[in-house]
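A.B. asks: Starting from these lines, generate the structure:
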Amino acid sequence: MKRLIGILVLAAAVETSASGFPSWMMGADARYAAMGGAGAAWSEDGSAGFRNPALTAAVDRRSAVFSAHRWMRDVQSGFLGFTAPGGKTGFGGHILVTEIPDIDYRTGPSETPLGTFSASEIIAGFDIGRRLTPAWSIGLGGRVYYQKIFVDEAFGAGADLGVCYAFSRVPVRMAAAVQNIGTVSRLASERIRLPLTFRIGAAGRLVETAGGNWLILIDAVKERDSDFGVAAGAEYVWRDILYLRAGYRSGVSTLGPSCGAGIAAGRLRFDYAFLPVKEGLGDSHRLTVAWSF
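C.D. replies: Numbering: from 1, shown residues only. Next up is the predicted model:
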């Protein structure tokens, strides 16, 4: 029964006129997941382009992140992302892979299944950002999408557009992004659509206190076939070693509060995020390793 819950989550994606690729909703890495999934205006690591391609122009060093995610019972996913600065231009790439294994296969009511099958999703992209002025940056990203449930497959292609404005006198940014603009083929006879998403975000660092500082993030988010929502979070950083985070996401019935922590060791940072998922779907745990080089 618990595996059936997982497949129903993905099966909702192939309902006529519904958005596909529900793994997109859960995001990429632990740092930003712990802060409610916000981050359209601020990112300093290898996941920057996943939220807003314009942010790849704001990174000042090469970075890579790897994240492992267990959510909704047997659903598991992995994320790999990188960013690399190049003068006024920044580059990034990412891949998100999600799988539900060992789903019972039945053609009718029975105690014993006929066998098992799996469902999977892959979202992969490449991003480029360009700093037009010291304040303004723009970005463009391209993505490919793949979904398989049992023997049925669907393929898609899309793009992201983003813009970011950094204030000169204070460490505050404003940004906007439109994500997943594109199309996807039918899955069997069902029509599915990409999860077109609009984000407007703000972020800023507060004055240092007690040897640490605060990062505050807030995004207004509208995803296709979902209610308007707000993603907000905060991170306290102590001496660039210890990170404490909390956040909240509204507009998605299964999500709400989140929290997490991180610890840095040289150029490595280890992050953890916990998201209590509502409606009896089980809790979400995510681990991420970020490397700056």
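
A.B. asks: Residue 108: neighbour count?
C.D. replies: 5 (other CB atoms under 10 Å). Just so you know, the C-beta spots here come from the backbone N, C-alpha and C atoms, and that holds for glycine as well.

A.B. asks: how far is stretch 125-137 from where the chain is centred?
C.D. replies: 20 Å (CA atoms, centre = their mean, to the nearest Å).

A.B. asks: Give the buried residues for it.
C.D. replies: 125, 127-131, 137 (16 or more other CB atoms under 10 Å).

A.B. asks: Narrow those residues to those in helices?
C.D. replies: Under the assignment DSSP state H, these contribute nothing to helices.

A.B. asks: Ramachandran coordinates for residue 50?
C.D. replies: phi -60, psi -30 (degrees, to the nearest 10).

A.B. asks: you'd agree it is up against residue 26?
C.D. replies: No - using CB atoms under 8 Å, residue 50 is not in contact with residue 26; the gap is 11.8 Å.

A.B. asks: ok, now which ones touch residue 243?
C.D. replies: Residues in contact with residue 243 (CB atoms under 8 Å, 6 or more residues apart in numbering) are 31, 235-237, 261-264, 269, 271.

A.B. asks: Of residue 50 and residue 26, give the one with the bigger neighbour count.
C.D. replies: Set residue 50 next to residue 26 and count neighbours by other CB under 10 Å: residue 50 wins out with 31 against 23.

A.B. asks: got a pLDDT number for that one?
C.D. replies: Here, the pLDDT recorded for residue 50 equals 95.

A.B. asks: Just among the contacts of residue 243, which is most surrounded?
C.D. replies: Most surrounded of these: other CB under 10 Å gives residue 31, at 29 neighbours.

A.B. asks: Just the strands from the stretch 51-200 of the chain, written as ranges.
C.D. replies: Under the criterion DSSP state E, counting those that start in this stretch, the stretch 51-200 of the chain contains strands at 63-71, 75-86, 89-105, 115-131, 136-149, 152-166, 172-184, 197-205.

A.B. asks: ok so, going back, what two of the buried residues of stretch 125-137 have the greatest distance between them?
C.D. replies: Based on CB to CB, the longest span within these runs between 125 and 131 and measures 20.3 Å.

A.B. asks: In a markdown table, list the contacts of residue 243 along with distance to residue 213.
C.D. replies: Below are the contacts of residue 243 laid out as a markdown table (distance: CB to CB, whole Å):
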| residue | distance to residue 213 |
| --- | --- |
| 31 | 15 |
| 235 | 9 |
| 236 | 8 |
| 237 | 6 |
| 261 | 16 |
| 262 | 14 |
| 263 | 16 |
| 264 | 14 |
| 269 | 16 |
| 271 | 17 |
